[in-house]
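[1] Sequence unavailable; structure follows:
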């Protein structure tokens, strides 16, 4: 129940009798919103009054401070509100609500906005009695991204993205609203008289850096998390999962309708990644991701019964598709002889995304063919699985004591060192090779020599693919592979995703130690993605991706001399 004594009375005139209050609209933690009429023009506007809940009272029209000790906080926040009003007035974007005027009066501050003839997406969903369809969301999303791209370019972060703060009119035009002082707080400015120093946020729509007031980590990715929560709510009419639930349960924290496409699920999961570096970093990253999503939205999976009825047709189409893929591959690599494809070989000739050949000819002197994606990934931009060196499956904890090939500790007199089970100096093609075990013959983990060849003859460029950072390497013949910066796993932590990364090499690494208790090196070689590409060593129990190579095709088809 709104305390009317805290509101401006209907009929109040403001700013030298320019605006007359005609309707109370709503209140929030930092302000009251009214519909006002411009007295001379007769036009209606929306007016926001700075009024801090729990700190301010009203005597007549004048805003007062309930306790004198809160005055400094109020003055500081009022100045911030007025500064942001002036800043917002300079924003010119068709999808951000327009600020037309601002002024100070009644011991507080006000700004005037364009009055939108429409309703919030939250209100529209309630009125229509159903969630939005995937196609409807995809048609609206570019408008929201346009608004976010613009305000982010001005150094403004909304920090309260939710269905109630996106307005839509009858023609389907969207506006992002509610840019209050609470949305631009620094660590000091966020401290109010209330019992918390947290940034203001809406539960279930805010990521950890906002909930915990980690202002140094606030950025565009913070708004993108809230955008993902907004999409999830509009798609499901469910409250989004808490960021802590997502951290612990991953995709299982979400409940999507059966009609939701895999692409839309991946988009929302990407936006709502617990770690900020795992989310998109710019609005452009998201637009690239959704550019091909509209045509895929709302597709249902074929039922088992329908699949049986169409079995023969799908089998024929799959065979034709595979043949075309192989033909295109051969045309691109003219030096190859035709390959007779059988069912067993389809899994290593065609990428899991069914979009291109799995083997990439880089034009390297050895003829080595590099895989287009990582073990466990279904597309080149996915990170795939994380494996300790010599292990072939993922796990939850990457430490010495969970490592398959850890034996014991040896005392050295001054400490202890780890003892390792010797599985060989080069595990390529063995039962310890994650590429061979998971993808079968002829895939292998690359050797150190093959990695050095890739770096010596390839041209590398740090880039972003579908919102994922990594290195694109172009070979002498123009063939390219993309190595995403997937970070690595240590203990239960996934570290440095999006900024660094490493890929296991099949070769054991000589750490250079003179300790006689080291029966063999504790390290293995990895291809490293940092500020530049190189090859060095890492402790073998860390989890890293694996990018396979083909080294035995000539034995099966006589294609290339290695």
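    Yep, that arrived. Remember, predicted model here, so these are calculated numbers, not experimental data.
[2] how about stretch 278-294: buried residues?
    278, 279, 280, 281, 282, 283, 285, 286, 287, 289, 290, 293 (16 or more other CB atoms under 10 Å). Just so you know, the C-beta spots here come from the backbone N, C-alpha and C atoms, and that holds for glycine as well.
[3] roughly how far out does that stretch sit from the chain middle?
    Centre-to-centre, stretch 278-294 and its host chain are 9 Å apart (CA atoms, centre = their mean, to the nearest Å).
[4] Which strand or helix spans residue 46?
    strand 44-50 (DSSP states H and E).
[5] does residue 228 count as helix, strand or coil?
    Secondary structure, DSSP: H, G, I helix; E, B strand; the rest coil: residue 228 is helix.
[6] and the residue lying closest to it once chain neighbours are set aside, how many neighbours?
    Ranked by CB to CB, 6 or more residues apart in numbering and with sequence neighbours excluded, the top spatial neighbour of residue 228 is residue 271, at 2.7 Å. Residues within reach of residue 271, counting by other CB atoms under 10 Å, total 24.
[7] isn't residue 271 right up against residue 279?
    Yes: with contact defined as CB atoms under 8 Å, residue 271 reaches residue 279; the gap is 6.2 Å.
[8] Show me whatever sits in contact with both of these two.
    Contact criterion CB atoms under 8 Å, 6 or more residues apart in numbering; residues shared by residue 271 and residue 279: 224, 225.
[9] quick one: contacts for the residue nearest the centre of the chain?
    Residue closest to the average C-alpha location in the chain (CA atoms, centre = their mean): residue 279, at 2.2 Å. Contacts for residue 279 (CB under 8 Å, 6+ apart) come out as 221, 224, 225, 270, 271, 272, 273.
[10] before we move on, the earlier item: determine the set of other helices and strands touching the helix or strand just after the strand holding residue 46.
    The C-terminal neighbour of strand 44-50 among helices and strands, as given by DSSP H and E, is strand 56-59. Helices and strands touching strand 56-59, by 3 or more CB pairs under 8 Å, 6 or more residues apart in numbering; DSSP states H and E, are strand 62-65.
[11] Buried residues, the helix or strand just after the strand it packs on. List them.
    Sequence-wise, the next helix or strand downstream of strand 62-65 (DSSP H and E) is helix 71-89. Residues of helix 71-89 classed as buried: 73, 74, 77, 78, 80, 81, 82, 84, 85, 87, 88, 89 (neighbour count, 16+ other CB under 10 Å).
[12] Throw the residues you listed into TSV and include distance to residue 161 and pLDDT, thanks.
    Formatted as TSV, those follow (distance: CB to CB, whole Å; pLDDT from 0 to 100):
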residue	distance to residue 161	pLDDT
73	26	85
74	27	90
77	22	86
78	25	89
80	20	83
81	20	85
82	24	86
84	17	78
85	20	83
87	19	78
88	16	80
89	21	84
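[13] right, and out of those residues, which lies closest to residue 150?
    residue 88 (11.4 Å; CB to CB).
[14] what's the neighbour count on the closest residue to that closest one other than its chain neighbours?
    Spatial nearest neighbour of residue 88, chain neighbours left out: residue 99 (4.4 Å); criterion: CB to CB, 6+ apart. As a burial measure, residue 99 scores 21 neighbours (other CB under 10 Å).
[15] Would you mind giving the contacts of residue 279 as a markdown table with distance to residue 254 and secondary structure added?
    Output for the contacts of residue 279, formatted as a markdown table (distance: CB to CB, whole Å; DSSP: H, G, I helix; E, B strand; the rest coil):
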| residue | distance to residue 254 | secondary structure |
| --- | --- | --- |
| 221 | 19 | helix |
| 224 | 16 | helix |
| 225 | 14 | helix |
| 270 | 12 | helix |
| 271 | 12 | helix |
| 272 | 8 | coil |
| 273 | 12 | coil |
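[16] Please spell out the PyMOL selection for the buried subset of these.
    Buried subset of these, written as a PyMOL selection, criterion 16+ other CB under 10 Å:
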select buried, resi 221+224+225+270+271+272+273
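[17] I'd assumed residue 402 was in contact with residue 492.
    No: applying CB under 8 Å as the test, residue 492 and residue 402 come out as separate, 10.4 Å apart.
[18] Of these two, give the one with the bigger neighbour count.
    With neighbours defined as other CB under 10 Å, residue 492 and residue 402 compare such that residue 402 has more, 14 against 10.
[19] Go through the buried residues of stretch 278-294 and flag which are in strands.
    Residues of the buried residues of stretch 278-294 located in strands (DSSP state E): none.
[20] quick one: strands adjacent to the helix or strand harbouring residue 481?
    Element membership of residue 481 [criterion: DSSP H and E] is strand 480-484. Here strand 480-484 is paired, per DSSP bridges, with strand 468-474 (antiparallel).
[21] Just the residues contacting the partner strand, thanks.
    For strand 468-474, contacts defined as CB under 8 Å, 6+ apart pick out 362, 381-382, 454, 458-465, 480-486, 498-499, 501, 529, 533.
[22] so where is this protein shaky, pLDDT-wise?
    Scanning the chain for pLDDT under 70 picks out the ranges 1-3, 179-200, 292-319, 321-357, 409-418, 510-521, 530-532, 551-562.
[23] Is residue 173 in contact with residue 143, as I believe?
    Yes: using CB under 8 Å, residue 173 makes contact with residue 143 at a distance of 7.3 Å.
[24] Identify the contacts common to the two.
    residue 95.
[25] Please identify which of the two sits among more neighbours.
    The residue with more neighbours, out of residue 173 and residue 143, is residue 143; 18 against 14, by other CB under 10 Å.
[26] Residue 448: what's it in contact with?
    Shown in contact with residue 448 (CB under 8 Å, 6+ apart): 505, 506, 507, 525, 535.
[27] just residue 96 next, same as before
    Contact analysis of residue 96 by CB under 8 Å, 6+ apart lists 88, 147, 150, 151, 175, 176, 179.
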